[in-house]
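Student: Sequence plus predicted model, see below.
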Amino acid sequence: MTDPITIAVLQNRLNAIAEEMGEAMLRTAYSQILNSSRDFSIALVDAQCRLVAQADHIPVHVGAMAWAVKALAARFPDPRPGDVYLLNDPYRGGSHLPDLTVFVPVFADGALMFWSVVRAHHSDIGGATHGAYNPAATEIWHEGLRLPPVRLTENGVLREDLLEMLALNVRHPRDFRGDLAAQIGSARLGEVRLSSVIAEFGAATLSASIEAMLDATERYSRDIVAGWADGVYYGEAVLDDDGFDRKDIVIRARVTKAGSDVTVDLTESDPQVTGFINSSHANTQSAVAIAFAFLLDPDITKNEGAFRPLTVKLKEGTIVWAREGAPVTMCTSHCSNEVIEAIIVALSQACPERAMGGWGRRLRIALNGTDPRTGRRFIWHMFQARPGGGGSVAGDGYSTIGEWHSAGGIKFGSIEVAETRFPLVFETHEYRRGSAGDGQFRGGYGGDMRLRIEAAGTTMANTAGEGVVHGARGMCGGCDGTPHDYTLLAPNAEPRKLKSKEVNVPVPTGSVIHVLSGGGGGWGDPASRDDAARAADAKAGLA
């Protein structure tokens, strides 16, 4: 039997490997969406397709990775040393097309033991519009290059013909190649580090320790759940629209808590829609796991054992599990955010002290233009002016932290670096006054940003997201956060309100995009808020 000290040492070694892989990815990726905003994630998955370790990156990525490994294993049941694999198909374990996942197998005594996995959001993946998000898409083929599980190597050597084919189908092949190389390098680093652990401790000891880790985490998770009130609970969350003919689209969660088991039933959610807010199966599984994890203790290890108490029921043809062929590119944000929200609304009745107010919704802008300083085309993804997080029994929500699905893992990066790399000027970037949902503990504040575009000629903008109608949900008596409000201020033109789903909006040089992002939802009765806390907000000019 493996002793507890060895188990603890190995758990920390595996976590450290995932963290080191993330640092390698951060330092070698080419595009700002990765080396500044950190839109990537790392996972170590065992040969049984179980999540064993991860680093603190993007929860909606990691929760889907085991499903991606299952799809890969079904297609390639006999991997070989030196192999590198790739996929992005949402209907085969991917989340959405911009997220490419790289897999490197790790062997012990000739037998597969681990998969070293890196998922990263690329700045472009081809398709009808720049930057991957296409609000006009009515089928997945409008959204970009779609990759089932493929082997990138032949006899351990990367296939240049296949890499060239991939690069030819995106708008910025240099960045694509550089970012993919960073992923491969990070995954291979994981292979090297895991092989070292196997050599040091032996496969048998490591395997036994992993079983013990997963079982211990399951016991911890079940102990937490057992303290919640038994019952059947209902929660809903509403999306603004799909960009076409559907409005107020509802996610419905029926959550049954019995003993140490939780069953989440999303089968009564609205039917799938025309637009790209549909979710793939793996992505929804990930969103449900995120909601559950948010209600556990913060120090619990997020591995497969933590989610053993959880059962998920989905219905194909609904917005949470669209039939193959539907557009899904927005799904990692929406409807993921709403899946999480509906579940936490439901379980706030079973464990109110663990629930938190809703986090703000994602409304991104992608700009495609020409830099007058270099004459080069650019694609810039807006990660600035993030929405606020929800309040909780622990205190007020974090301001401009981002959305539930990323849980603060995506950063908005340096303003100065963005201005250096792109023809942009940030005239203001500050908290948005009055945006937080009130409560005993208020939500975090959203952002107030004025962004001036100094590109050559006219830049084209796409918007993609949610939250101009429905703000972040208040919880346990708290108030909702304020919705988003985006305005284009073009020279010699009337102000133009931007919708959450628009394609090819012309942005003349000198234009200012005024972003007012939503605040987080409040937690608890506003009448119970401390007077000193209100006074502090007023003094700071935020109330």
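Tutor: Nice, thanks for sending it over. Numbers count the residues shown, from 1 in each chain.

Student: Number of residues surrounding Phe422?
Tutor: 19 (other C-beta atoms under 10 Å). (C-beta placed from N, C-alpha, C; glycine too.)

Student: Contact partners for it?
Tutor: Each residue near Phe422 by C-beta atoms under 8 Å, 6 or more residues apart in numbering is listed here: Leu367, Asp371, Phe378, Trp380.

Student: which of the residues you listed has the most neighbours?
Tutor: Going by other C-beta under 10 Å, Trp380 tops the contacts of Phe422 with 26 neighbours.

Student: Which neighbouring elements make contact with the host helix or strand of that one?
Tutor: Trp380 is part of strand 377-381, with elements assigned from DSSP states H and E. Under the contact criterion of 3 or more C-beta pairs under 8 Å, 6 or more residues apart in numbering; DSSP states H and E, strand 377-381 touches helix 32-35, strand 363-370.

Student: Indicate which one of these is closest to Glu454.
Tutor: strand 363-370 (9.6 Å; C-beta to C-beta).

Student: In the stretch 151-300 of the chain, mark out all the strands, start to finish.
Tutor: 153-154, 157-158, 231-241, 247-258, 261-265 (DSSP state E, counting those that start in this stretch).

Student: can you tell me how far the closest residue to Asp371 other than its chain neighbours sits from Lys302?
Tutor: Once flanking residues are discounted, Asp371 sits nearest to Pro423: 5.0 Å by C-beta to C-beta, 6 or more residues apart in numbering. According to C-beta to C-beta, to the nearest Å, Pro423 stands 40 Å off from Lys302.

Student: can you tell me which residues contact Val512?
Tutor: Glu427, Arg450, Leu451, Arg452, Ile453, Leu488, Leu489.

Student: just curious, which of the residues you listed is nearest to Ser528?
Tutor: Arg450 (35.9 Å).

Student: That closest one: what's it in contact with?
Tutor: Phe426, Glu427, Thr428, Val512, Ile513, His514, Val515.

Student: which one's the longest helix in the chain?
Tutor: Across the chain, the longest stretch assigned as helix under DSSP state H is helix 173-201.

Student: Next, the angle from that one to strand 377-381.
Tutor: 50 degrees (axes from the mean of the first three to the mean of the last three C-alpha atoms, to 10 degrees).

Student: Please spell out which residues along helix 173-201 are buried.
Tutor: For helix 173-201, burial by neighbour count (16 or more other C-beta atoms under 10 Å) applies to 175-191, 193-195, 197-198, 201.

Student: elements contacting that helix?
Tutor: helix 4-28, strand 40-46, strand 99-108, strand 111-121, helix 160-168, helix 203-226.

Student: What average pLDDT does it get?
Tutor: Mean per-residue pLDDT for helix 173-201: 97.

Student: C-terminal to the strand holding Trp380, what's the next element?
Tutor: Downstream of strand 377-381 (by DSSP H and E), the next one is helix 415-421.

Student: starting at the chain centroid, how far to that next one?
Tutor: 24 Å (C-alpha atoms, centre = their mean, to the nearest Å).

Student: buried stuff in that helix?
Tutor: Quick answer for helix 415-421 (16+ other C-beta under 10 Å): Ala418.

Student: what is the mean pLDDT for whatever helix or strand comes next after it?
Tutor: Next helix or strand after helix 415-421 toward the C-terminus (DSSP H and E): strand 424-431. Strand 424-431 carries an average pLDDT of 97.

Student: Need the contact partners of strand 424-431.
Tutor: 380, 384-385, 399-400, 415, 418-419, 445-454, 512, 542.

Student: how far away is Ile401 from Thr329?
Tutor: Counting by C-beta to C-beta, the gap from Ile401 to Thr329 is 23 Å.

Student: isn't there a strand covering Leu488?
Tutor: Yes: Leu488 forms part of a strand when assessed by DSSP: H, G, I helix; E, B strand; the rest coil.

Student: So in terms of bridging, what pairs with it?
Tutor: Arg496, Ile513 (DSSP bridges).

Student: Ala24 and Ala120, how far apart?
Tutor: 12 Å.

Student: Same check on Lys247?
Tutor: 34 Å.

Student: the more surrounded of those two?
Tutor: Neighbours were counted for Lys247 and for Ala120 using other C-beta under 10 Å; Ala120 has more, 27 against 11.

Student: before we move on, the earlier item: now the two most distant members of the contacts of Phe422.
Tutor: Leu367 and Asp371 (10.9 Å).

Student: Find residues that contact each of those two.
Tutor: In contact with both Leu367 and Asp371: Phe378, Phe422, Ala455, using C-beta under 8 Å, 6+ apart.

Student: Test my guess that the first one contacts Pro372.
Tutor: Meaning Phe378. No: look at Phe378 against Pro372 with C-beta atoms under 8 Å: they stay out of range, at 10.8 Å.

Student: between these two, what contacts are shared?
Tutor: Pro423, Ala455.

Student: Tell me, how many residues neighbour Pro491?
Tutor: 9.

Student: got a list of what it touches?
Tutor: Pro508, Gly510, Ser511.

Student: Show only the entries of the residues you listed found in helices.
Tutor: Using DSSP H, none of these sit in helices.

Student: what comes up buried for stretch 460-474?
Tutor: Quick answer for stretch 460-474 (16+ other C-beta under 10 Å): 460-468, 470-474.

Student: no no, stretch 297-317
Tutor: Quick answer for stretch 297-317 (16+ other C-beta under 10 Å): 300-310, 312, 314.

Student: hang on, isn't Ala282 packed against Trp67?
Tutor: Yes: counting by C-beta under 8 Å, Ala282 does reach Trp67; the two are 3.8 Å apart.

Student: Show me the common contact partners of the two, please.
Tutor: Common neighbours of Ala282 and Trp67 (C-beta under 8 Å, 6+ apart) are Gly93.

Student: Neighbour count for these two, which is higher?
Tutor: Between Ala282 and Trp67, counting by other C-beta under 10 Å, Ala282 is the more crowded of the two (25 against 20).

Student: Distance-wise, check that one relative to Ile410.
Tutor: 19 Å.
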